[in-house]
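A.B. asks: Pasting a predicted model and its sequence here:
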Amino acid sequence: MVNTYIQENKDRFLKELLELLKIPSVSADSTLAGEVRRMADALAEKLKEAGAENVQVLPTKGHPMVYGDKIIDPKLPTVLVYGHYDVQPPDPLELWDSPPFEPVIKTTDIHPEGAIFARGACDDKGQMYMQVKAFEAMNKSGELPCNVKFIIEGEEEVGSENLEDFVIKYQDKLTADVILVSDTGIMSNDVPTITTGLRGLSYVEVEVTGPNRDLHSGLYGGGVANPINALAKMIASLHDENGHITIPGFYDKVQEAPEKERQLIASAPYSEEAYCKALNIKETFGEKGYSTLERTSIRPTLDVNGIWGGYIGEGAKTVIASKAHAKISMRLVPNQDPDEITALFKKHFESIAPAGITVVVKPHHGGEPAVTPVDSIEYEAASKAMEKTFGKKPIPLRSGGSIPIVAMFERVLGIKTVLLGFGLDSDAIHSPNEHYGLFNFYKGIETIPIFFRNYAELKKN
């Protein structure tokens, strides 16, 4: 029995995950390329131990992909499991309560049974490893109902820039009936949800230049445009008093969510007071006319992710900086094209530069928004699996995050995706003290085999 195997091996599953979390596979840091490769090799070994065949660490122009499969019968449906083994940089290190790559288990108010604190615990090593262990449990207990293929990448956190070329190159190897991704979450541990939509992304870096060198603020202050002052004013102008984005044409192609979906969002269990308390803020903020849940899921946004320039060391240095910089991300909704939005941003940001200032906009990675159907057998298989393990029917909701590969997989492979994640918004992904509940880790391993079984049965009919 699958559940018996899981119960007998759950301590080992956890121990293995803790070992993988010790590997600092930060894809954005070129000095850690060796660690990223070490993580890929370690994951390949775990796939082999779980019973996967044809396991390979395949090269790309960047970090490698890990592939493995188990084809038990070509006539049976095939599930392609996607995940990523790279993680975000751990900075700022001083805000971690424990070292980011020395995982520890601690109890919290939300996770009284314990949570793993480490970079990548939830995003995505913990969730990706649920898939590997669920496969192992099905395979070792002789209850694998579908063919399985794994594609686990090492560049998701830097935009998956080599994934599409890889998918095109290995299109025949990656043929499947459905893609299963565990890189999303649920509303809470007693309110299961299935992600049915993802926002797209346009990510840019801006460089604002004034004088040809840093200047003495006493000798030149009041005589030349200050790039930091200019950048701050330009960024502030990107939203109006109602929280609307002021870039001309930004909303032209926005697909409004249907009223039925807005009603569903409104019916989801949610406490504005608890939301604010968890973040230690007095009130929420955003686009006028929409609820917090709507603003974080079905509406586009623009946020500054980093800003720097001038002297930021200890003490004083009275300079007018020559340059100022910022990194800006825009989350997009259906019908917004990331390349079009990037072009609109560039044109507008250059146009609002004051005299004496030049602007360079450097596009980084982006991704298309995606919405998955709720009337498919794939969704039904996932919904019934969650209903079985949580004891209540999950709510379909869009996520505010971006997984650009979902739209790409559908475009290149012609396959729909099921987003069966188990993380919580409070798990601090991309932040210091990222963590993942033991409840969630084991619940995922328990639920995934039921999805496989449901899917195989539904495909027969």
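C.D. replies: It's in. Numbering: from 1, shown residues only.
A.B. asks: so what's D41 up against?
C.D. replies: Remark: with contacts taken as CB atoms under 8 Å, 6 or more residues apart in numbering, D41 is in contact with V57. Where you see a C-beta, it was placed from the backbone N, CA and C, and this is true even at glycine.
A.B. asks: show me where the stretch 51-200 of the chain has helices.
C.D. replies: Per DSSP state H, counting those that start in this stretch, the stretch 51-200 of the chain carries helices over the ranges 125-140, 163-169.
A.B. asks: Take those helices and write them to CSV, including mean pLDDT.
C.D. replies: Rendered in CSV, the data for the helices of the stretch 51-200 of the chain read as follows (pLDDT from 0 to 100):
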stretch, mean pLDDT
helix 125-140, 98
helix 163-169, 97
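A.B. asks: Could you say which of those is packed most deeply?
C.D. replies: helix 125-140 (a mean of 25; mean count of other CB atoms under 10 Å).
A.B. asks: Next one: E143 relative to A353, how far apart?
C.D. replies: Using CB to CB, to the nearest Å, we find E143 at a distance of 63 Å from A353.
A.B. asks: okay, these two: which has more neighbours?
C.D. replies: A353 (19 against 15; other CB atoms under 10 Å).
A.B. asks: Could you check the pLDDT of the more buried one?
C.D. replies: The per-residue pLDDT reported for A353 equals 97.
A.B. asks: which residue sits closest to it in space, ignoring its chain neighbours?
C.D. replies: The shortest distance from A353 to any residue that is not its chain neighbour, by CB to CB, 6 or more residues apart in numbering, is 4.7 Å, and that residue is V359.
A.B. asks: Then P404?
C.D. replies: Nearest residue to P404 in three dimensions, chain neighbours excluded: G367, at 2.2 Å (CB to CB, 6+ apart).
A.B. asks: wait, doesn't E368 sit right on I405?
C.D. replies: No: the criterion here is CB atoms under 8 Å, and E368 misses it with I405 at 9.7 Å.
A.B. asks: Compare the two and say which is more crowded by neighbours.
C.D. replies: When E368 and I405 are compared on other CB under 10 Å, the one with more neighbours turns out to be I405, at 26 against 22.
A.B. asks: Now for that one: which residues touch it?
C.D. replies: By CB under 8 Å, 6+ apart, I405 lies in contact with Y82, E156, S160, L163, G367.
A.B. asks: In strands, which of the residues you listed fall?
C.D. replies: Among the contacts of I405, the subset assigned to strands under DSSP state E consists of Y82, G367.
A.B. asks: what would the contacts of I405 look like in TSV with distance to H430?
C.D. replies: TSV is the format used below for those (distance: CB to CB, whole Å):
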residue	distance to H430
Y82	19
E156	12
S160	16
L163	19
G367	16
